[in-house]
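Novice: What would the 3D arrangement of this be:
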Amino acid sequence: MKSTKKYEVNFVGLADGPHSFHYEIGDDFFQGLGYSIIESGKLSVDIILDKSETILVANFDLTGELNVACDKCGDDLVVSVSGKDNLVYKFTEEQLDDEKIRPIREGEFKIDFEQPIYELVALLLPARSVHPKGKCNKKVLSALDEYLLKPSTNDDKPQDDDASEPDPRWDKLKGLKDAE
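Specialist: Below you'll find the model as predicted:
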């Protein structure tokens, strides 16, 4: 990820206490990433940065819409996302193992919110992004049917084998158990 100064905050000049930052994120944010499953989107990000002598606590509040590919047909799909998260930036030289705590080393004077924003957006994506029932590209689904063992249905549930017919491969294994 190539960092831009747009999301950097110089915390040295900030007084102790809360400070608000607002970002409107568009397509240029996602196009600047090396690789992302998110093609484009429009997001509103509000960050409250609470500064004290030893730590900075960043509270993220994000809402918007993302354009991703449908996992079933590959066509564009708009997904609404909304979420909150927080990160702690600690002034330390130690190596930290907690992903929610990020170190600020001696001599550093700014923090970059670009990576944490992207991480939060990626976590807010649903595990499976699929069009509502009947809205997937029918040409793609019919082409997939030619290559699948079972034709697809337009519902979003995985297809199960018919449970009433036992698999004949298990019969030979059952014979091994009886031989003991």
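
Novice: Specify the local secondary structure of residue 73.
Specialist: coil (DSSP: H, G, I helix; E, B strand; the rest coil).

Novice: okay, it: pLDDT?
Specialist: pLDDT for residue 73: 90.

Novice: Tell me, how many residues neighbour it?
Specialist: Other residues near residue 73 come to 20 when the count uses other Cβ atoms under 10 Å. In this view, the C-beta of every residue, glycine as well, is placed from N, C-alpha and C.

Novice: Confirm for me that it is in contact with residue 145.
Specialist: No. Residue 73 is beyond contact range of residue 145, at 12.0 Å (criterion: Cβ atoms under 8 Å).

Novice: Helices along this protein, start to end?
Specialist: Residue ranges of the helices in the chain, as given by DSSP state H, are 27-31, 114-124, 138-147, 169-179.

Novice: any idea which of those helices is most buried?
Specialist: Across those, averaging neighbours per residue (mean count of other Cβ atoms under 10 Å) puts helix 114-124 on top, at a mean of 17.

Novice: ok, the spatially most central residue of the chain - contacts?
Specialist: The residue lying closest to the centre of the chain (Cα atoms, centre = their mean) is residue 122, at 1.7 Å. Taking Cβ atoms under 8 Å, 6 or more residues apart in numbering, we find residue 122 in contact with 36-38.

Novice: And residue 74, by the same measure?
Specialist: Applying Cβ under 8 Å, 6+ apart to residue 74 gives the contacts 137, 140.

Novice: Can you give me the distance of it to residue 125?
Specialist: 16 Å (Cβ to Cβ, to the nearest Å).

Novice: Can you tell me the number of residues neighbouring residue 87?
Specialist: 20.

Novice: wait, residue 77
Specialist: 20.

Novice: Residue 41 is in contact with that one, correct?
Specialist: No. Between residue 77 and residue 41 there is no contact under Cβ under 8 Å: 11.4 Å.

Novice: list residues touching both of these two?
Specialist: What both residue 77 and residue 41 touch, as defined by Cβ under 8 Å, 6+ apart, is the set residue 67.

Novice: Show me where this structure has its strands.
Specialist: All strands of the chain, identified by DSSP state E, fall at 8-10, 17-25, 38-51, 55-69, 76-91, 101-104, 110-112.

Novice: Quick one: these as a markdown table, columns for distance to residue 135 too.
Specialist: Below are the strands of the chain laid out as a markdown table (distance: least, Cβ to Cβ, whole Å):
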| stretch | distance to residue 135 |
| --- | --- |
| strand 8-10 | 41 |
| strand 17-25 | 27 |
| strand 38-51 | 18 |
| strand 55-69 | 14 |
| strand 76-91 | 9 |
| strand 101-104 | 41 |
| strand 110-112 | 38 |
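
Novice: would you list those in JSON lines and tack on distance to residue 134 and mean pLDDT?
Specialist: Shown next, in JSON lines, are the strands of the chain (distance: least, Cβ to Cβ, whole Å; pLDDT from 0 to 100):
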{"stretch": "strand 8-10", "distance to residue 134": "46", "mean pLDDT": "90"}
{"stretch": "strand 17-25", "distance to residue 134": "32", "mean pLDDT": "95"}
{"stretch": "strand 38-51", "distance to residue 134": "23", "mean pLDDT": "93"}
{"stretch": "strand 55-69", "distance to residue 134": "18", "mean pLDDT": "94"}
{"stretch": "strand 76-91", "distance to residue 134": "14", "mean pLDDT": "93"}
{"stretch": "strand 101-104", "distance to residue 134": "45", "mean pLDDT": "88"}
{"stretch": "strand 110-112", "distance to residue 134": "43", "mean pLDDT": "92"}
